[in-house]
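A.B. asks: Give me a 3D structure for the following:
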Amino acid sequence: METPGLVVHGEAASFSTALRSLLNNPQYSDVCFVVGQERQEVFAHRCLLACRCNFFQRLLGPKLGPGMPSPVVLSSVPADAFLAVLEFLYANSVRLHRHSVLEVLTAAVEYGLEELRELCLEFVVKVLDVELVCEALQVAVTFGLGPLQERCIAFIETHTQAVLERPVAEVAAPVVRELRLALLAPAELSALEEQNQREPLIPVEQIVEAWKCHALRRGDAARGTPCRRRRGTLPREHHCFLDLPFK
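C.D. replies: Model prediction:
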């Protein structure tokens, strides 16, 4: 009977470095992305992206054919965030920065990259401060990231109520007014409404106006309701009736 073979491992660091050298390297690349509002070109390798991420597997399937296809346009994701996503896919590690981590987190959620999402969440919690917390709260509400939402609310309460002696709902009101609730899917809006009954941070009227947009299927259903997608928000099927440009 043949003795089972033994799996041995080479040096992980050199392997990661070699793969990282292929990041945004036109040599041997077979796909080009045009990303962000600046339309920056980013080069990549279809086989690597497809085996690491189901989103790219669907996007870069056989329909593109062999050879270098036409550029794939992803205008809603900033170039820095997209490059961070590719860095993680190529090297299984990524250097995160405070100024762009929320955009990387958004991309990770949209692309279904659970491990990268968790790494971003851990980083956000570590660097959370008064300048970042409102935007982090908006991302948490938009994508239903409960633990991050609770952490942001606790941060706001700890750092404002003791100094200003104002209720959390009052302190959070400026960012809450900017939430694009109409962009949420009905199921997400229902979950948010249920949570808001337990922790009333969002005015009921604001949720009602978002439901009006869904019911009447037009973005101007409620005058003054924020319906425009922010930069970095990928379109969803129910966004088609809004018919409004990015803000």
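A.B. asks: Now do the domain split for this structure, please.
C.D. replies: When the chain is parsed with automatic domain parsing, its domains come out as 13-95, 128-178, 181-247.
A.B. asks: For these, give me TSV that also has distance to Arg117, mean neighbour count and mean pLDDT.
C.D. replies: From N, CA and C alone the C-beta is placed, and that goes for glycine too. Formatted as TSV, those follow (distance: least, CB to CB, whole Å; neighbours: other CB atoms under 10 Å; pLDDT from 0 to 100):
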stretch	distance to Arg117	mean neighbour count	mean pLDDT
domain 13-95	10	16	88
domain 128-178	8	16	81
domain 181-247	15	15	72
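A.B. asks: Tabulate those in JSON lines, adding columns for distance to Leu102.
C.D. replies: Listed next are those as JSON lines, based on distance: least, CB to CB, whole Å:
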{"stretch": "domain 13-95", "distance to Leu102": "9"}
{"stretch": "domain 128-178", "distance to Leu102": "5"}
{"stretch": "domain 181-247", "distance to Leu102": "8"}
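A.B. asks: The ones you listed: which one's closest to Glu110?
C.D. replies: Glu110 sits nearest to domain 181-247 of all the domains of the chain, at 4.9 Å, using CB to CB.
A.B. asks: which SSE is the residue nearest the centre of the chain in?
C.D. replies: By CA atoms, centre = their mean, the chain has its centre lying nearest to Thr106, at 0.8 Å. For Thr106, the host element (DSSP states H and E) is helix 101-110.
A.B. asks: how about the helix or strand following that helix: buried residues?
C.D. replies: On the C-terminal side of helix 101-110, the nearest following helix or strand under DSSP H and E is helix 114-127. Neighbour-count burial for helix 114-127 flags Leu116, Arg117, Leu119, Cys120, Leu121, Phe123, Val124 (criterion: 16 or more other CB atoms under 10 Å).
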